[in-house]
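[1] Build me a structure from this.
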Amino acid sequence: MARCINPVIINVYPGSIAEELGLEPGDKIIKINGTIIEDQLDFRFLQADEKLIVEVVKSNGETWILDVEKEQDEELGVEFKDATFDGIKQCRNKCVFCFVDQMPDNMRRTLYIKDDDYRHSFLFGNFITLTNLSTKELNKIVAMKLSPLYVSIHTTNPELRKKLLNNKNAGKILEQLQYLTQNGICIHGQIVLVPGLNDGKELKRTIEDLSNLMPQMKSLAVVPVGLTKHRQDLPELQPFTKEKAVQVIDLIAEYQKKFLEEYRTRFVFAADEFYILAEREIPTEEFYEGYPQLENGIGIVRILVDEFYDLYKLMPEQINDQEPRLLVTSTSGYKVISPLVKELQNRYHNLKVKLVAVPNDYFGTSVTVTGLLTGQDILKTLKKLNLAQNTTVIIPDIMLKDGCLFLDDLTLTDLEKLSGYKVKQVSTSGSGLIEAVTDIKF
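    Purely as a prediction, here's the structure:
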């Protein structure tokens, strides 16, 4: 069955070659120099030539063949509706720890999409497993120099990886990574760690195997498995305890010391969640070496705390009296934010602020990160509190999609109406925390 290619233009830049050619939003660029355009990467690669033959299907159905002469690397000047024109390559694995498989029913459709597209990995930093890549696609990655890529590795033990991903093709990961790194592709790796499965000796094996791929193997994140209460008909897995989190941090610390001496990089990093669970101090900014795995929750707490204390020095001696406010966070977030709120309360005795940790009933109380709190759970917590009617409820923006929508599709407006309180969102940052508590903006 032929794939549907849909390279729709949504914007033509003023003064561009495309505008001079008469291209308009709604038109489609189908081919360049006889090659079908499957995604923005194809388009970028092919438009770099000085002489182009561009096949366009106009919005009215007409087909135009355009001869273009331009400077090398000069862009045509169009923006497309989608990054990929043939859809998203979705994950075919059945990972024992997959978070999507643990979500409740009746959430918005996009939350169930398992993106495993190498093009999205390069363009947006999404993590992929490499299990659905053909030889042609691997060669395309090398030919186009699509670097860096972000890869979910989990283990380099072939048989164990097949078991974890429930995919007979998953055992080739080390061979695939060797091919990519030997051909100049940089990789940032990820391990979702599951107690009793890929930790301990298996984690050591994986770290050692991947360290042999340096320097093209740039960094490795180790994150704890996320388990919700919606695991019906899924394998029974155990969450991390404080003791096990300590063991992970200590194991990784041994390798960090070794790698720093040998390669001048720590290479492998534990997620902030491990430090919070282990009640260990978050490492310093220098430790994170430029935060290569920030999207994986590696160092985000350090950035927030450092920004808070940098701005704390610049704050005025006094602030105006305020109406009461409630700052909402998760159970893990509370451990990080509570000391900072106390700093502000000790400095400004006229503050009327309360910090509350909202338990995650929607996904289950073992899910403790702030970004996975829902409007429903916040609403339940608000109804249990005896708050003054003029209280403002402060929501970190990490909980929201498009600035207003919680994971359960409640909006900020819904939360205001259902709770009866004014609701305000702030950035999930040191400056956002200060603004939330004091109204001081930086």
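
[2] neighbours of the spatially closest residue to S330 that is not a sequence neighbour, just the number please.
    Of all residues not flanking S330 in the chain, T370 sits nearest, at 4.1 Å (CB to CB, 6 or more residues apart in numbering). Using the backbone N, CA and C atoms, a C-beta is placed for each residue, glycine as well. Other residues within reach of T370, judged by other CB atoms under 10 Å, total 22.

[3] May I have the secondary structure class of I9?
    strand (DSSP: H, G, I helix; E, B strand; the rest coil).

[4] Tell me how many other residues crowd it.
    20.

[5] repeat for the one 5 residues further on
    P14 is surrounded by 7 other residues when neighbours are defined as other CB under 10 Å.

[6] And it, its phi and psi?
    The phi/psi pair for P14 (degrees, to the nearest 10) reads phi -60, psi 140.

[7] pLDDT score assigned to it?
    Each residue has a pLDDT score; the one for P14 is 95.

[8] And it, how close does it get to V78?
    12 Å (CB to CB, to the nearest Å).

[9] which sections of the stretch 151-300 of the chain are below the confidence cut-off?
    Counting by pLDDT under 70, the stretch 151-300 of the chain contains no low-confidence segment.

[10] nearest spatial neighbour of I30, skipping sequence neighbours?
    Closest residue to I30 in three dimensions, ignoring its sequence neighbours and counting by CB to CB, 6+ apart: E55, at 4.7 Å.

[11] Give the partner strands of the stretch of helix or strand V328 belongs to in its sheet and their orientations.
    Element membership for V328, per DSSP states H and E: strand 325-329. Using DSSP bridges, strand 325-329 pairs in its sheet with strand 353-357 (parallel), strand 392-396 (parallel).

[12] continuing past the first one, what's the next helix or strand?
    Read it as strand 353-357. helix 375-384.

[13] Next: the last one.
    On the C-terminal side of strand 392-396, the closest following helix or strand by DSSP H and E is helix 412-419.

[14] which residue ranges form the helices in this structure?
    With helices called from DSSP state H, the chain shows them at 17-21, 40-46, 118-124, 135-144, 158-165, 173-182, 201-211, 242-263, 272-278, 300-312, 331-347, 375-384, 412-419, 430-438.

[15] do you know which of those helices lies nearest R325?
    helix 430-438 (7.2 Å; CB to CB).

[16] mind listing what the nearest residue to E416 once chain neighbours are set aside touches?
    Sequence neighbours aside, V423 is the residue nearest to E416 in space, at 4.7 Å (criterion: CB to CB, 6+ apart). The contact partners of V423, by CB atoms under 8 Å, 6 or more residues apart in numbering, come to 392-393, 395, 412, 415-416.

[17] returning to what we had before: kindly reformat the strands paired with strand 325-329 as a markdown table containing distance to Q376, mean pLDDT and mean neighbour count.
    Listed next are these as a markdown table, based on distance: least, CB to CB, whole Å; pLDDT from 0 to 100; neighbours: other CB atoms under 10 Å:
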| stretch | distance to Q376 | mean pLDDT | mean neighbour count |
| --- | --- | --- | --- |
| strand 353-357 | 15 | 96 | 18 |
| strand 392-396 | 14 | 96 | 22 |
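
[18] so can I have CSV of those strands showing distance to E285?
    Putting the strands paired with strand 325-329 into CSV (distance: least, CB to CB, whole Å) gives the following:
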stretch, distance to E285
strand 353-357, 25
strand 392-396, 21
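
[19] How many neighbouring residues does the nearest residue to A278 once chain neighbours are set aside have?
    Excluding the flanking residues, the one nearest A278 by CB to CB, 6+ apart is A245, at 4.0 Å. Here the number of neighbours of A245 (other CB under 10 Å) works out to 23.
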